[in-house]
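Visitor: structure for this input, please:
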Amino acid sequence: QSSLQLARLVEGVKHRVQANPPQTMLADPGAEAILNLLPLALERRNAKHAPAPADQLALKRLWENQADKGDDKGSWSWFLNDLHPVESEHSIFYGTVLADRAAAAYPLVKSDEPFAAAMRDYLRRNAPQQPLHNRLAYVALGSTKDAAFRKAVLNELWAAQSKDGGWTTKSLGPWSARPD
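Guide: Just a heads-up that it's a prediction; the model follows:
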């Protein structure tokens with residue numbers, strides 16, 4: 001069942017990416033570029049063959065939508081709808097972790113190296129001030145090789161664990177107060 005669902009998702013993404021002009025489904029171009037590439041990358045797990053044309057287009061659009069200046073250089077725009085945890089002020093980092101994971105499924109070509117380096121630099125620079133849930137995503141999905149950072153994040157996770165073995169939402173935050 002899940003492989004059938006992934007296959008349908010991938011076919012829809014390929015159709016949208018290869019349409020001329022490309023079909024968009026989301027209001028945010030950075031998030032769309034990431035969320036188009038991610039299912040293609042998941043389908044490609046452990047592939048030895050060259051990326052298909054749809055994959056190449058999706059990867060090209062990922063790099064085209066990457067921020068190229070300022071504090072967010074190396075990241076992508078993401079939804080900011082005040083909906084924690086994935087549509088809030090820390091979501092740009094989370095989206096960039098997903099981009100890192102998706103891009104890792106493809107062989108790095110020379111023309112992509114500066115984009116990948118900017119992405120890794122953004123993640124390294126911004127990881128320490130992220131909420132625990134984003135740092136966990138980076139450790140689990142991202143390309144960090146920093147063993148001390150990984151160990152510190154995991155130690156913080158275990159320290160936040162409740163007596164019942166789980167975690168409270170508060171322990172994975174912090175979260176901004178909502179007026180409603």
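Visitor: now name the helix or strand holding the residue located most distally from the centre of the chain.
Guide: Most distant from the centre of the chain: K163, at 31.2 Å, with distances by CA atoms, centre = their mean. K163 is part of no helix or strand, with elements assigned from DSSP states H and E.
Visitor: check contacts around it.
Guide: For K163, the contact set (CB atoms under 8 Å, 6 or more residues apart in numbering) is empty. From N, CA and C alone the C-beta is placed, and that goes for glycine too.
Visitor: how near is the closest residue to A105 other than its chain neighbours to N155?
Guide: Counting by CB to CB, 6 or more residues apart in numbering, the nearest residue to A105 once its immediate chain neighbours are dropped is A41, at 3.6 Å. Distance of A41 to N155, computed by CB to CB, to the nearest Å: 30 Å.
Visitor: so for those two, which residue has more residues nearby?
Guide: Taking other CB atoms under 10 Å, A41 and N155 do not tie; A41 has more neighbours (22 against 10).
Visitor: now do the same contact list for that one.
Guide: Remark: with contacts taken as CB under 8 Å, 6+ apart, A41 is in contact with D55, R101, A102, A103, A104, A105, Y106.
Visitor: residue contacts, the fifth one?
Guide: Listed by CB under 8 Å, 6+ apart, the contact set of A104 reads A41, S143.
Visitor: in what helix or strand does the residue lying closest to R44 once chain neighbours are set aside lie?
Guide: The shortest distance from R44 to any non-neighbouring residue, by CB to CB, 6+ apart, is to A105 (4.8 Å). Counting by DSSP H and E, there is no helix or strand that carries A105.
Visitor: and A105, what does it touch?
Guide: Contacts for A105 (CB under 8 Å, 6+ apart) come out as L40, A41, L42, R44, R45, A47.
Visitor: doesn't D55 make contact with the fourth one?
Guide: Yes: applying CB atoms under 8 Å as the test, R44 and D55 come out as touching, 6.7 Å apart.
Visitor: now do the shared contacts for these two.
Guide: Jointly contacting R44 and D55 under the rule CB under 8 Å, 6+ apart are Y106.
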